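> Return atomic coordinates for the entry below.
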Amino acid sequence: MAIASVSTITSASPNSWQEAAELGLERARQTLRGITGMKIVEEKAMVEDGEIVEYRVTLQVIFLLEETEVDGSGG
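Okay, here's the model as predicted:
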């Protein structure tokens with residue numbers, strides 16, 4: 001039986017929301033195994049002097065929890 005979990009992360013890029021999402025996924029891949037999908041839940045931008053200087057996304061990264069062996073020994 002597969003059981004999934006969700007990790008919420010925020011990532012940023014000076015170029016685009018897409019790049020921010022790709023960077024966030026790449027970073028998540030360094031820590032999480034079994035990633036099966038992601039959902040962008042929020043997009044924001046930091047503005048200075050009327051110009052966008054940073055694109056930010058909040059991602060929910062979905063990954064499968066690893067199976068554990070149960071030996072029945074109670075310990």
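> hey, let's count contacts and neighbours off CA atoms from now on
Fine.
> mind listing what's buried in stretch 7-23?
Neighbour counts over stretch 7-23 (16 or more other C-alpha atoms under 10 Å) mark 9-13, 16-23 as buried.
> which residues make contact with it from outside it?
Counting contacts by C-alpha atoms under 8 Å, 6 or more residues apart in numbering, the residues outside stretch 7-23 that touch it are 24, 40, 43, 53-62.
> ok, 10 Å please
24-29, 32, 38-46, 52-63 (C-alpha atoms under 10 Å, 6 or more residues apart in numbering).
> Out of these, which end up buried?
Buried by 16+ other C-alpha under 10 Å: 24-25, 28, 38, 40, 43, 45, 54-63, out of the contacts of stretch 7-23.
> Just those: which are in strands?
When DSSP state E is applied, the buried ones among the contacts of stretch 7-23 are split such that 38, 40, 43, 45, 54-63 fall in strands.
> centroid residue for this structure?
Geometric centre of the chain, nearest residue: residue 61, 3.8 Å, by C-alpha atoms, centre = their mean.
> Next, the contact list for that one, please.
5-9, 24-25, 28-29, 32, 35-40.
> between the residues you listed, which is closest to residue 68?
residue 5 (15.1 Å; C-alpha to C-alpha).
> picking up where we left off before, okay if I get the ones in strands among the buried ones among the contacts of stretch 7-23 as a markdown table plus pLDDT?
Below are those laid out as a markdown table (pLDDT from 0 to 100):
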| residue | pLDDT |
| --- | --- |
| 38 | 96 |
| 40 | 97 |
| 43 | 98 |
| 45 | 98 |
| 54 | 98 |
| 55 | 98 |
| 56 | 98 |
| 57 | 98 |
| 58 | 98 |
| 59 | 97 |
| 60 | 98 |
| 61 | 97 |
| 62 | 96 |
| 63 | 95 |
